[in-house]
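**Student:** This is a predicted model, with the sequence first.
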Amino acid sequence: MRNVYPNYKFRLLNKSIPLVIYKNIGITYIFIPMKIGLRIKATRELRGLSQGELARRIGVSQPAASDWENCRSEPTVENLRALAVELDLWFEWLVTGRGTRDYDPNQPQPPEFRTAPPLPADERDLQAAYRKLTPARREALLDFLKRWG
């Protein structure tokens, strides 16, 4: 196989990215080589999160998230795992770009790429509501639940 159209470009996030297009036995394969930072940024924007909100959710500073997205540094394995869970991605896709992007528990993928089994719907709703709270309200809610339970 050889790159059939070596000069084709793809626009993503206002950047021109070369396409790698292969033809083999009548099948055309299109690969979009992306660095990990572009995968993080594209998915974060798709999910409607700001850099600051994503950074807060995974417990890092906003400049750290910016450095990842601009390919000035790479996240640690722990941060990659947190990103995969927070953005609801397959770990393999986040790290390598291979496989499917969005996590689907019904999709046949090796289970080791997820850090925990999927939560029931009511627990996901609670988690989503908790994530919207300010740090002070989170602390107050946790104190209340400890006293109540």
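**Tutor:** Structure received. Numbering: from 1, shown residues only.

**Student:** pLDDT on the longest helix along the chain, on average?
**Tutor:** Across the chain, the helix with the greatest residue count (assigned by DSSP state H) is helix 135-148. The average pLDDT for helix 135-148 rounds to 90.

**Student:** And this structure, what are its domain boundaries?
**Tutor:** 1-33, 36-118, 119-149 (automatic domain parsing).

**Student:** any low-confidence regions in this structure?
**Tutor:** For the chain, applying pLDDT under 70 flags the ranges 1-33, 105, 107-117.

**Student:** Just give me the neighbour total for residue 57.
**Tutor:** Number of residues near residue 57 (other C-beta atoms under 10 Å) recorded here: 16. In this view, the C-beta of every residue, glycine as well, is placed from N, C-alpha and C.

**Student:** ugh, wrong one, residue 38
**Tutor:** Around residue 38 there are 19 residues (other C-beta under 10 Å).

**Student:** Give me the helices and strands touching the host helix or strand of it, please.
**Tutor:** Assessed by DSSP states H and E, residue 38 sits inside helix 36-46. Taking 3 or more C-beta pairs under 8 Å, 6 or more residues apart in numbering; DSSP states H and E as contact, the helices and strands that helix 36-46 lies on are helix 62-69, helix 91-96.

**Student:** tell me which strands and helices the shortest one is in contact with?
**Tutor:** By that I understand helix 91-96. helix 36-46, helix 77-86.

**Student:** in that helix, what counts as buried?
**Tutor:** By neighbour count with 16 or more other C-beta atoms under 10 Å, helix 91-96 contains the buried residues 91-95.
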